[in-house]
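**Q** need the 3D shape of this:
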Amino acid sequence: MIKKKKIPEASIPTSSMADIAFLLLLFFLVATVIDVDTGIGLTLPEYVEDVNTVKVPKSRMAAILINANGDVLLDNKPISVVQIKDNLKRRIISKIDLPSNKKLIVSVKTDRKTRYNIYIQALDQIKQAYFEVRDEYSNQNFGSNYNKLVGTQQKDVQKVVPIIISLAEPETVKK
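**A** Numbering: from 1, shown residues only. Below is the predicted model of the structure:
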């Protein structure tokens, strides 16, 4: 009898395939950057048990209202978000020479359906107004920007230009 030659079948070596898959998995786990939302950096006031209610005169208040459509009112007058900073700067500067209990309070109130983006833009404009006034004051009195001042000088500027922002609870939307 004549023996038939066996022709070896073509095959892909799979012995190192698991090693390669593991190395690729490890590479992508190490190389991938996971974006973590940090949220808004707000410092909440400390809890006080005995609270005395104090009436605040309207001259000390800057009321910012944002409705569900993104329309902004500053003291019941329509305004665009980018104009908030300039309007508040003038009012903050006008209160610099007053005692600390007479400083400007900015109250921000939104609708429950207000877009988050508009709310954040408004907060950014308010903080930017305070930061610019602090920089101007520190340049006039210390000859340097607020961020470059030493700790005691920064505290002096904070006493003269305190950041007072009141975030009011949004009202419920009635259907």
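**Q** helix, strand, or coil at Asp35?
**A** coil (DSSP: H, G, I helix; E, B strand; the rest coil).
**Q** assign a three-state SS to the residue nearest the centre of the chain, would you?
**A** The centroid of the chain falls nearest to Ile40 when counting by CA atoms, centre = their mean (4.1 Å). On the three-state scheme (three-state DSSP), Ile40 is labelled coil.
**Q** max-length helix in the chain?
**A** Looking across the chain with DSSP state H, the single longest helix is helix 116-142.
**Q** from the contact counts, what lies against that one?
**A** On a contact count with 3 or more CB pairs under 8 Å, 6 or more residues apart in numbering; DSSP states H and E, helix 116-142 meets strand 61-66, helix 84-94, strand 105-110, helix 151-160, strand 165-167. For glycine as for every other residue, the C-beta is placed from the backbone atoms N, C-alpha and C.
**Q** in this protein, where is pLDDT below threshold?
**A** Along the chain, the model assigns pLDDT under 70 to residues 1, 38-39, 42, 171-175.
**Q** look up how far Phe22 lies from Ile164.
**A** 57 Å (CB to CB, to the nearest Å).
**Q** which of the two has more neighbours?
**A** Counted by other CB atoms under 10 Å, Ile164 and Phe22 do not tie: Ile164 has more neighbours, with 15 against 10.
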